[in-house]
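[1] what's the 3D shape of this:
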Amino acid sequence: MAMLLRSLPRRCFASLSREEAFSLAHKVHAVPYDKVKEPTVKCPVYEGLTPELNQLLSPSPPAGYTTPPRQKRPTKVANNALELVGNTPMIRLDRLRKVLGVQPTLLGKCEYFSAGGSVKDRIALRMIEEAERAGLCKPGDTFIEATSGNTGVGLCMAGAIKGYNVIITLPQKMSGEKVNMMKGFGALILRTPTEAAWNADDSHIVLAQRIKEAINKQTGSTTAHVLDQYANKGNVLAHYDTTAEEILEQTEGKLTHLVMTAGTGGTLTGISKKIKEKAPHVTIVGVDPEGSILAVPDNLNDKNRLQGYHVEGIGYDFIPTVLEQASADVWLKSNDHDSFKFARALIRHEGLCIGGSCGSAMHGAYDYIKQAGLGTDATVAVLFADSTRNYMSKFLDDDWLAKNGFGDIEHL
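    Down below sits the predicted model:
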């Protein structure tokens with residue numbers, strides 16, 4: 001690594017140019033991690049929601065913390081795409097309700113209407129804004145983020161508008177559409193093995209830390225930043241302050257159940273905390289894919305524990321700091337087959353341009369409705385996290401389904 005760092009000239013000012021930062025990142029990526037040669041690289045420790053973060057998710061946050069004003073969607077001309085992050089619509093799902101033969105009112109919170117196409121736009125913008133308010137970063141700096149893609153798209157969009165360099169470390173399984181979108185925003189994408197554990201030497205999380213350390217060593221200053229969506233307060237606060245408030249306003253607080261998948265868990269935790277404050281009658285249902293270990297009780301995770309799965313953006317092999325597992329009143333497990341089947345049903349019957357994990361959430365809602373025997377007095381809202389754009393070459397492609405063992409998926 002020392003030889004790599006000597007290959008770029010030492011600069012007398014803080015930031016590397018985009019080209020220099022990307023060149024150094026490529027070189028770090030090409031060399032296997034060596035703890036002896038890179039002693040400053042530390043893999044983060046994630047053990048679920050911390051008391052410090054939990055204190056922010058309350059009506060009485062710590063002294064000195066001020067909640068930023070909520071941004072409303074412009075009614076006329078927006079100044080930039082970031083003004084169109086969040087403030088997403090809620091849509092009644094009567095057509096699918098009839099196809100499924102269930103009685104409760106079904107509502108879909110459609111996050112793909114956000115500017116970058118997913119719920120992660122909210123956290124990407126909030127994490128950057130929190131860092132800017134704290135004076136930790138400035139335009140020209142470099143963000144390096146380990147992501148399954150949607151947070152990366154949001155960061156790349158915000159970086160392009162605000163003037164930051166962005167480097168994304170991304171497991172190989174994630175779709176090419178996400179990669180191409182991020183490249184379009186001017187980011188560098190470095191792929192890591194899908195099978196690598198989160199804290200393995202070749203994981204996307206460790207690679208992000210290595211690149212950050214290399215750039216900061218090269219510049220002699222802190223101009224490279226890992227925002228770290230798995231632990232960043234902006235992740236949960238974005239949903240506590242905005243997504244949950246929108247859901248309560250759109251339903252007038254009259255929903256009875258809210259169903260969400262969990263990736264980092266920031267969406268589920270942040271929304272649940274606010275919902276429980278203002279509408280404690282609402283049951284929160286968390287959906288976790290088989291292969292992941294986020295559901296509780298832990299024995300729910302036994303089927304296909306830590307085995308690979310195709311649905312993207314949800315589930316992990318560790319418990320992120322932004323996830324409080326108890327934020328869900330009930331956990332259900334999903335599988336690839338049902339997720340893709342229900343995603344295609346949402347597209348077919350409701351005309352919603354949603355992604356594969358939205359099918360996981362919808363099937364989780366259907367399972368819970370049947371298990372709990374919910375009737376016409378129930379209103380079940382389902383959060384749809386991202387857009388069809390990311391999966392044109394995957395579950396929307398019949399040939400891809402057949403090649404990956406899902407050729408028997410029938411249309412609802």
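[2] Share the number of residues neighbouring the closest residue to residue 176 other than its chain neighbours, please.
    For residue 176, ignoring the flanking residues on the chain, the nearest one in space by Cβ to Cβ, 6 or more residues apart in numbering is residue 393 at 6.1 Å. To be clear about C-beta, it is placed using only N, CA and C from the backbone, and glycine gets the same treatment. Other residues within reach of residue 393, judged by other Cβ atoms under 10 Å, total 12.
[3] do residue 186 as well
    Neighbour count for residue 186, taken as other Cβ under 10 Å: 14.
[4] where does it land in three-state SS?
    At residue 186 the chain is in coil, as set by DSSP: H, G, I helix; E, B strand; the rest coil.
[5] Now do the same contact list for the closest residue to it other than its chain neighbours.
    Among residues not flanking residue 186 along the chain, residue 160 sits closest, at 5.6 Å (Cβ to Cβ, 6+ apart). Counting by Cβ atoms under 8 Å, 6 or more residues apart in numbering, residue 160 touches 166, 185-186.
[6] so how far is residue 208 from residue 160?
    Going from residue 160 to residue 208 by Cβ to Cβ, to the nearest Å gives 19 Å.
[7] Ok, residue 316 next?
    Distance of residue 316 to residue 208, computed by Cβ to Cβ: 15 Å.
[8] Of the two, which one has the most company?
    residue 208 (27 against 21).
[9] Number of residues surrounding residue 135?
    When neighbours are counted by other Cβ under 10 Å, residue 135 registers 7.
[10] How much space separates it from residue 141?
    12 Å.
[11] Confirm that residue 108 sits in a strand.
    Yes - using three-state DSSP, the assignment for residue 108 is a strand.
[12] For it, which residues count as its bridge partners?
    residue 91, residue 382 (DSSP bridges).
[13] Next, count neighbours for it.
    Residue 108: 24 neighbours (other Cβ under 10 Å).
[14] where's it relative to residue 187, distance?
    Distance from residue 108 to residue 187, by Cβ to Cβ: 30 Å.
[15] Please apply the same query to residue 405.
    Distance of residue 405 to residue 187, computed by Cβ to Cβ: 32 Å.
[16] Kindly report the same for residue 303.
    36 Å.
[17] Between these two, tell me which one has more neighbours.
    When neighbours are counted by other Cβ under 10 Å, residue 303 and residue 187 differ, and residue 187 comes out ahead with 25 against 11.
[18] List phi and psi for the more buried one.
    Residue 187 adopts backbone torsions of phi -90, psi 160, taken as degrees, to the nearest 10.
[19] just checking, it touches residue 166?
    Yes - using Cβ atoms under 8 Å, residue 187 is in contact with residue 166, at 4.2 Å.
[20] Common neighbours of these two, please.
    152, 155-156, 159.
[21] Just give me the closest of those to residue 410.
    For those, the minimum distance to residue 410 (Cβ to Cβ) is 33.5 Å, reached by residue 152.
[22] roughly how far apart are the nearest residue to residue 239 once chain neighbours are set aside and residue 51?
    Among residues not flanking residue 239 along the chain, residue 270 sits closest, at 3.0 Å (Cβ to Cβ, 6+ apart). Residue 270 sits 16 Å away from residue 51 when distances are taken as Cβ to Cβ.
[23] Got the domain ranges for this protein?
    15-33+120-225, 93-118+243-403 (automatic domain parsing).
[24] Residue 46 is nearest to which of those domains?
    Closest of those to residue 46 is domain 93-118+243-403, at 5.2 Å (criterion: Cβ to Cβ).
[25] Can you tell me which of the contacts of residue 160 is nearest residue 112?
    Proximity of the contacts of residue 160 to residue 112 (Cβ to Cβ) peaks at residue 185, which lies at 17.4 Å.
[26] what's the residue lying closest to the closest one once chain neighbours are set aside in contact with, if anything?
    The shortest distance from residue 185 to any non-neighbouring residue, by Cβ to Cβ, 6+ apart, is to residue 156 (3.6 Å). Residues near residue 156 by Cβ under 8 Å, 6+ apart: 166, 168, 181-182, 185-187.
[27] among the residues you listed, who's most crowded?
    When neighbours are taken as other Cβ under 10 Å, the top entry among the contacts of residue 156 is residue 168 (29 neighbours).
[28] Please report the number of neighbouring residues for the residue lying closest to residue 384 once chain neighbours are set aside.
    Leaving aside its chain neighbours, residue 384 sits nearest to residue 358 (4.0 Å; criterion: Cβ to Cβ, 6+ apart). Close neighbours of residue 358, defined as other Cβ under 10 Å, add up to 30.
[29] quick one: residue 358 and residue 346 touch, right?
    Yes - between residue 358 and residue 346 there is a contact under Cβ under 8 Å: 6.3 Å.
[30] residues shared between the contacts of these two?
    Joint contacts of residue 358 and residue 346 (Cβ under 8 Å, 6+ apart) are 352, 384.
[31] and residue 67, which of the three is it?
    Relying on three-state DSSP, one would call residue 67 coil.
[32] First-to-last residue distance for stretch 222-237?
    End-to-end distance of stretch 222-237 (Cα to Cα, to the nearest Å): 25 Å.
[33] could you dump stretch 156-174 to CSV, C-alpha only?
    Extracted in CSV, the C-alpha atoms of stretch 156-174 (Å, rounded to 0.1, in the frame of the first residue of the first chain):
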residue,chain,number,x,y,z
CYS,A,156,-24.3,9.7,-6.6
MET,A,157,-27.3,11.9,-7.5
ALA,A,158,-26.7,14.2,-4.5
GLY,A,159,-22.9,14.2,-5.2
ALA,A,160,-23.4,15.2,-8.8
ILE,A,161,-25.6,18.2,-7.8
LYS,A,162,-23.6,19.3,-4.7
GLY,A,163,-20.1,18.8,-6.2
TYR,A,164,-18.7,15.7,-4.4
ASN,A,165,-16.7,12.8,-5.8
VAL,A,166,-18.4,9.5,-5.1
ILE,A,167,-16.9,6.0,-5.0
ILE,A,168,-19.3,3.1,-4.5
THR,A,169,-18.3,-0.4,-3.3
LEU,A,170,-20.9,-2.9,-4.4
PRO,A,171,-21.3,-6.7,-4.3
GLN,A,172,-21.3,-8.5,-7.6
LYS,A,173,-24.9,-9.7,-7.4
MET,A,174,-26.4,-6.2,-7.7
